[in-house]
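J.: Predicted structure and sequence below. I'll ask about it afterward.
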Amino acid sequence: MSYRILEKKVLIPGQTTLLVVDAPHVAKHAKPGNFVILRTSDKGERIPLTIADCDPEAGTVSIVFLVVGKSTAELNTFEEGMSLPDFCGPLGKPTHIEKQGTVICVGGGTGVAAMHHIAKGHAAMGNQVVAIIGARNKDLLLFCSELGSFCPEVLVATDDGSVGHKGFVTEVLKQRLDEDKNISEVVAIGPVPMMEAVAKVTKPYGVKTTVSLNAIMVDGIGMCGACRCTVGGETKFACVDGPEFDGHTVDFAELRMRLGQFRPQEQESMALFQHKCKCAEGK
Amino acid sequence: MSESSLKAAKRPRTDMPTQPPMERIRNYLEVALGYTEADAMAEAGRCIQCKKPLCRKGCPVEIDIKGFIGQLQKGDLPGAYKVLRDYNSLPAVCGRVCPQETQCEGECILGKNPEKTGGPVAIGRLERYVADTFAARLAAGDSACIQLTGEAACRMERPELRVACIGGGPASLTVAGYLAALGIKVTVYEALHEVGGVLVYGIPEFRLPKDIVRREIDAMKALGVEFKTNWVGGKAITVQELFEEGYKAVFIGVGAGLPQFLKVPGENSIGVFSANEYLTRVNLGRAYDFPNHDTPIFKADNVAVIGAGNVAMDAARTALRLGAKTVSIVYRRTKDEMPARHEELEHAIEEGVVLRCLCGPMECLADENKRLTGLKVQKMCLGEPDASGRRRPVAIEGETEVIPVELAVIAVGTRPNPILLEATKGLKLNKWGYIEADAETGETSIHNVFAGGDIVTGAATVISAMGAGRKSAKEIAKRLLGMDL
């Protein structure tokens, strides 16, 4: 069985791509917060990617990825009509979504894509969703209009001020929390420093804060513990106990360190891949 | 008993040719090379064909051991294979990975007085010989059925009778092979990208070549078994949905996959792995061939493996093959209590694995970058026997030691994986979280839902999982075909 790519959209050239994949059984069961594990070849490694959107009727699942290493670089070479050899999901516990009032969803970088699916879930439940998204500049902003279609407010922060607030999403978040005391939950998905910063900002307000941890995984079904992280002083597996946890109790320093454990091998693998690409291009 | 057979029995067991230790730790190829025809005939000749064979009682699937060795003595290889196949769906696998010394060979009459007899008949090695040699002699045009049953033709296909297996390990493969040979259409849903379960992600290539597993799976495919990889039972499909899709029975063989950790400080440091992660990266991900394969593995000069079962031995020997200079097995009791299969322990020692007995892990020490630098252990001595009958390790107050290592692999057992269990309403579990299944049929608290293997018993052996699969398969066949088998 293989999984055909029905649509490929380059969101940021050379960097971020959206793929719509034909996987009816995954689409049927996928809920906001779930992720998939895929491989790009029969020699590929298993990599987890959070589901950005799904359409059970069309039987499709959308994923968005940032090219960070060999596997994502190879994934970026897939075009419409090609098929992925392995696409496993939905995995992880879905987001806990209940009718609760106003929810702020914060997304940074590629994390906006995963946040989009969760924000959509909250909106569908009847919650008021405030989206806060950030990027370095306006050309790198993702899912702005998609979020606008169901969020009454989409607040933007860019590093260079090319659109929205000049600065970090946390500054926008803090202002919003000061203005509105009735926020029931903050969801943050993005780079680890961003999620850590969001949790720090919300702590004094006592607002429930949910983060989604992008730990290194192998099987994604609880078998190996590669993705273990410390939450509230206990070891949890991001793949089956999460990936979402209470941001106020996550040991982010440990997560950062564990994310870097294979860095030398990742660099070696990427260098080899780039070399092969250059050779193929005859350079 | 004739004079000549008594004489044969007194010969020592026929050695298994192996790769020399210092050569094999530099490759990933199989260690035990298998009997030649002469070896096999010599060893088969040692079997005295007891009137009341004890060996069979030691076998979890009650193989007619006397029968298959008897055929071999007569030089009838297909006959020997047919006998094995009547009881065991994966003889080439079991011949390699069964703990024969505590099963069939442990009961063999020749083992009762080894000084006089030369020890028990090497039943496992003969089983492997028969399975491998039979497969090697199969012609390209031979039907898959002959490999699965030893018979030239299978029963008529009954496509309207569909059975689903969740999990693609030894228990499910047994169910699939057995039912497919009866013409029942089986679909196996496997969570990982390759079928075989522990045979593929857990047991290393040097102990069980993946080609052997593939050969069995290919034979099942040829008989119409469908394998769906990347399908996580309880996530991508539920038991309820399987019945809605028209399956008449469901077999759950999802294994006991969750790794136990030690719950000691520093356990999340870089360089500390569960055995499942370490072995899955190397075996399923082929990380021994990085960067040709993409899955990376952590290499280190000094390695400690905590635990002393088969999985621990596999991890230790894998670390050696990945270039480690020192590899220690760290164990709270002594060599005599080690649960590993005898041959694995002996092979590990031959290869240079150091046994650090009577050491209980206390802490994983790490540097400022949280990279593992050592394992602090509590020295132990043996006290009174505990509930398991083994002498309980007792801490020697104040005596600790630091073993300098950059890589630690934790191989202290597993727990049930809750994914499918939580998603299946009405499935009754026992107090340890494993599925409650009928001892005779394997049926669970849900009608026509069966379970077997580690998810029922907790971590056990390949052969006991297969035994459970066989019982369930028989019951399923009986219900679907209305016949007693």
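T.: Noted; the coordinates are in hand. Numbering: from 1, shown residues only, chains lettered A, B, ... in the order given.
J.: As CSV, could you dump the C-alpha coordinates of the longest helix belonging to chain B?
T.: Longest helix in chain B, counting residues (DSSP state H): helix B:462-481. Coordinates of each C-alpha in helix B:462-481 appear next as CSV, following Å, rounded to 0.1, in the frame of the first residue of the first chain:
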residue,chain,number,x,y,z
VAL,B,462,8.1,-16.7,20.5
ILE,B,463,7.0,-20.3,20.8
SER,B,464,4.5,-19.7,23.6
ALA,B,465,3.0,-16.9,21.5
MET,B,466,2.8,-19.3,18.6
GLY,B,467,1.2,-21.9,20.8
ALA,B,468,-1.5,-19.4,21.8
GLY,B,469,-2.0,-18.4,18.2
ARG,B,470,-2.5,-22.0,17.2
LYS,B,471,-5.1,-22.6,19.9
SER,B,472,-7.1,-19.6,18.8
ALA,B,473,-6.7,-20.5,15.1
LYS,B,474,-8.1,-24.0,15.7
GLU,B,475,-11.1,-22.6,17.6
ILE,B,476,-11.7,-20.0,14.8
ALA,B,477,-11.5,-22.7,12.2
LYS,B,478,-13.9,-24.8,14.1
ARG,B,479,-16.4,-22.0,14.4
LEU,B,480,-16.1,-20.8,10.8
LEU,B,481,-15.9,-24.2,9.1
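J.: Against which helices or strands is that helix packed?
T.: helix B:91-97, strand B:158-166, helix B:170-181, strand B:184-189, strand B:249-252, strand B:449-451, helix B:454-457 (3 or more Cβ pairs under 8 Å, 6 or more residues apart in numbering or on different chains; DSSP states H and E). Just so you know, the C-beta spots here come from the backbone N, C-alpha and C atoms, and that holds for glycine as well.
J.: let's see 6 Å
T.: If you count contacts as 3 or more Cβ pairs under 6 Å, 6 or more residues apart in numbering or on different chains; DSSP states H and E, helix B:462-481 packs onto helix B:170-181.
J.: State the mean pLDDT of the helix it packs on.
T.: In this model, helix B:170-181 has a mean pLDDT of 92.
J.: and the angle from that helix to strand B:184-189?
T.: Calculated by axes from the mean of the first three to the mean of the last three Cα atoms, to 10 degrees, helix B:170-181 forms an angle of 150 degrees with strand B:184-189.
J.: Pull helix B:170-181 out as CSV, backbone CA atoms only.
T.: Extracted C-alpha coordinates of helix B:170-181, given in CSV (Å, rounded to 0.1, in the frame of the first residue of the first chain):
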residue,chain,number,x,y,z
PRO,B,170,4.6,-14.6,15.9
ALA,B,171,1.1,-15.1,17.4
SER,B,172,-0.7,-13.5,14.5
LEU,B,173,1.5,-15.1,11.9
THR,B,174,0.7,-18.5,13.3
VAL,B,175,-3.1,-17.7,13.2
ALA,B,176,-2.7,-16.4,9.6
GLY,B,177,-0.7,-19.4,8.4
TYR,B,178,-2.9,-21.9,9.9
LEU,B,179,-6.2,-20.4,8.7
ALA,B,180,-4.8,-19.6,5.2
ALA,B,181,-3.9,-23.2,4.7
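J.: Show me which helix runs longest in chain A.
T.: For chain A, the helix that runs over the most residues, judged by DSSP H, is helix A:263-280.
J.: what's in contact with that one?
T.: For helix A:263-280, contacts defined as Cβ atoms under 6 Å, 6 or more residues apart in numbering or on different chains pick out A:69, A:70, A:73, B:291, B:296.
J.: Could you identify the most distant pair in these?
T.: Spatial extent of these (Cβ to Cβ) is set by the pair A:73 and B:296 at 15.3 Å.
J.: Neighbour count for these two, which is higher?
T.: residue B:296 (22 against 17; other Cβ atoms under 10 Å in any protein chain shown).
J.: which SS state does the more buried one fall under?
T.: Under DSSP: H, G, I helix; E, B strand; the rest coil, residue B:296 falls in the coil class.
J.: And it, how far from residue A:190?
T.: Look at residue B:296 and residue A:190: by Cβ to Cβ, to the nearest Å, they are 25 Å apart.
J.: what do you get for residue B:244?
T.: For residue B:244, the distance to residue A:190 equals 39 Å [Cβ to Cβ].
J.: Please say which of the two ends up with more neighbours.
T.: Neighbour comparison, residue B:244 and residue A:190: the larger count goes to residue A:190, with 25 against 9 (by other Cβ under 10 Å).
J.: pretty sure the more buried one contacts residue A:110?
T.: No: with contact defined as Cβ atoms under 6 Å, residue A:190 does not reach residue A:110; the gap is 7.8 Å.
J.: how about the residues of chain A that lie near chain B?
T.: A:25, A:43-45, A:86, A:88, A:90, A:218, A:221-226, A:228, A:254, A:257, A:261-262, A:265, A:268-269, A:272 (Cβ under 6 Å from any Cβ of the partner chain).
J.: buried set for the longest helix of chain B?
T.: For helix B:462-481, the buried set under the neighbour-count rule, 16 or more other Cβ atoms under 10 Å in any protein chain shown, comprises B:462-477, B:480-481.
J.: now that helix: mean pLDDT?
T.: 93.
J.: Stretch A:81-90 too?
T.: 96.
J.: neighbouring contacts of that stretch?
T.: For stretch A:81-90, the external contacting residues (Cβ under 6 Å, 6+ apart) are A:2-5, A:21, A:23, A:26, A:29-30, A:34, A:36-39, B:193, B:230, B:235.
J.: so where is chain B shaky, pLDDT-wise?
T.: By pLDDT under 70, the weakly predicted segments of chain B are B:1-5, B:139-141, B:144, B:147-150, B:152-155, B:483-485.
J.: Give me the domain ranges for it.
T.: B:3-151, B:157-257+B:416-481, B:259-410 (automatic domain parsing).
J.: Just to be sure, which of the contacts of helix A:263-280 are found in helices?
T.: Among the contacts of helix A:263-280, the ones falling in helices (DSSP H) are A:70, A:73.
J.: Can you convert the contacts of helix A:263-280 into TSV and add a column each for distance to residue B:90?
T.: Shown next, in TSV, are those (distance: Cβ to Cβ, whole Å):
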residue	distance to residue B:90
A:69	38
A:70	36
A:73	40
B:291	33
B:296	31
